[in-house]
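> sequence first, then the predicted structure:
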Amino acid sequence: MSGHNKPQKVPGGPLSVEDKVLETGASLIQDFQPVKNICAHLNAFHTYADEPGRYVEANHYCAHLTKDVRQCILYDSPGPNARLIGIEYMITPELYASLDPEERKLWHSHVYEVKSGMLIMPGPTTIPGTQPAWEAAETQEMKHVIGLYGKVYHLWQVDRGDTLPLGEPKLMTSFTADGQFDFEAAVGDRDKRFGTDWKRKKELRADIQEPQIHPDANSAWKRRNSM
């Protein structure tokens, strides 16, 4: 973290020389084991459970606790000065089915994220010859993610311009169908920045089998559609 610069739209001055020295020393001496377990970077869009359609792009940095449980730290960008905006837990269908019915309503599916090409695992874009192997690895990962259920809270409402994490944590959910937001504009802009193509992702994932989604999941959209 020795190259730390002041993030944009965050109050306060740049780090002092003393802070930078302490950061550098800590990084050389301390062992940051929990974050070293991060094994995947995923990018997708979340929407507010109490305001479906209002969305935030989220970069997920995920680690496996067990074969059935993953935990992810969410940032607003993949850059060195990214703001930590939330957390997400992902569990297998077996664990999800064991939850209390009211608890299950807080979780969302990942089927649409995977099949639409929205969910990506950003990889190398400038190294010649690596794209086919990376796409194969990404598609294989999507075969695992498509069946998982996620529970996500955002702590910092960066989409409304907050310069600090204000208010209570907000339960978020996933998009589950076409027409719920301006997909082509939002995902298209993301693709330009990452050098990816959701249309190609969708094509590559056409043969991934869609699991049956538990009726208690994605409750935010069901509440909205019933109004």
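It's in.

> can you list the weak-confidence ranges in this protein?
Along the chain, the model assigns pLDDT under 70 to residues 1-8, 15, 17-29, 125-128, 226-227.

> need the helices for it, in chain order.
Remark: helices assigned in the chain by DSSP state H are 17-29, 33-36, 93-97, 101-104, 111-116, 131-145, 183-194, 198-204, 219-226.

> TSV for the ones you listed, including distance to Arg70 and mean neighbour count?
Heads up, the C-betas are built off the backbone N, CA and C, glycines and all. Converted to TSV, those look like this (distance: least, C-beta to C-beta, whole Å; neighbours: other C-beta atoms under 10 Å):
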stretch	distance to Arg70	mean neighbour count
helix 17-29	26	11
helix 33-36	13	9
helix 93-97	11	15
helix 101-104	18	12
helix 111-116	14	21
helix 131-145	9	15
helix 183-194	21	15
helix 198-204	20	15
helix 219-226	21	14
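
> take these and write them to TSV, including distance to Ser77.
TSV is the format used below for the helices of the chain (distance: least, C-beta to C-beta, whole Å):
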stretch	distance to Ser77
helix 17-29	20
helix 33-36	17
helix 93-97	30
helix 101-104	31
helix 111-116	19
helix 131-145	20
helix 183-194	9
helix 198-204	19
helix 219-226	25
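
> of all those, which one is nearest Asp50?
The minimum distance between Asp50 and the helices of the chain falls on helix 219-226, with 7.4 Å, by C-beta to C-beta.

> that closest one packs against which elements?
When contacts are defined as 3 or more C-beta pairs under 8 Å, 6 or more residues apart in numbering; DSSP states H and E, helix 219-226 sits against strand 51-64, strand 170-174.

> kindly reformat these as JSON lines and extend each row with mean neighbour count.
As requested, the helices and strands packed on helix 219-226 are exported to JSON lines (neighbours: other C-beta atoms under 10 Å):
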{"stretch": "strand 51-64", "mean neighbour count": "18"}
{"stretch": "strand 170-174", "mean neighbour count": "23"}
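
> quick one: those strands as a markdown table, columns for distance to Gln30 too.
Shown next, in a markdown table, are the helices and strands packed on helix 219-226 (distance: least, C-beta to C-beta, whole Å):
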| stretch | distance to Gln30 |
| --- | --- |
| strand 51-64 | 18 |
| strand 170-174 | 32 |
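
> closest one to Gly79 among those?
Gly79 lies closest to strand 51-64 among the helices and strands packed on helix 219-226, at 9.2 Å (C-beta to C-beta).

> tell me how far the closest one lies from the chain's centre.
4 Å (C-alpha atoms, centre = their mean, to the nearest Å).

> orientation of that strand relative to strand 170-174 in degrees?
Put simply, strand 51-64 runs at 90 degrees to strand 170-174, going by axes from the mean of the first three to the mean of the last three C-alpha atoms, to 10 degrees.

> strand 51-64 pairs with which strands, and in what direction?
The pairing partners recorded for strand 51-64 under DSSP bridges are strand 40-48 (antiparallel), strand 69-75 (antiparallel).

> export it as PDB, just CAs?
In PDB, the C-alpha atoms belonging to strand 51-64 read as follows (Å, rounded to 0.1, in the frame of the first residue of the first chain):
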ATOM      1  CA  GLU A  51     -35.700   0.000  -4.800                       C
ATOM      2  CA  PRO A  52     -35.300  -2.500  -7.600                       C
ATOM      3  CA  GLY A  53     -33.800  -1.000 -10.800                       C
ATOM      4  CA  ARG A  54     -31.500   1.400  -9.000                       C
ATOM      5  CA  TYR A  55     -28.100  -0.300  -9.400                       C
ATOM      6  CA  VAL A  56     -24.400  -0.300  -8.500                       C
ATOM      7  CA  GLU A  57     -21.500  -1.900 -10.200                       C
ATOM      8  CA  ALA A  58     -19.500  -4.100  -7.800                       C
ATOM      9  CA  ASN A  59     -16.100  -5.700  -8.000                       C
ATOM     10  CA  HIS A  60     -16.200  -8.900  -5.900                       C
ATOM     11  CA  TYR A  61     -13.000 -10.300  -4.400                       C
ATOM     12  CA  CYS A  62     -13.900 -13.700  -3.200                       C
ATOM     13  CA  ALA A  63     -12.500 -16.500  -1.100                       C
ATOM     14  CA  HIS A  64     -13.700 -20.000  -0.300                       C
END
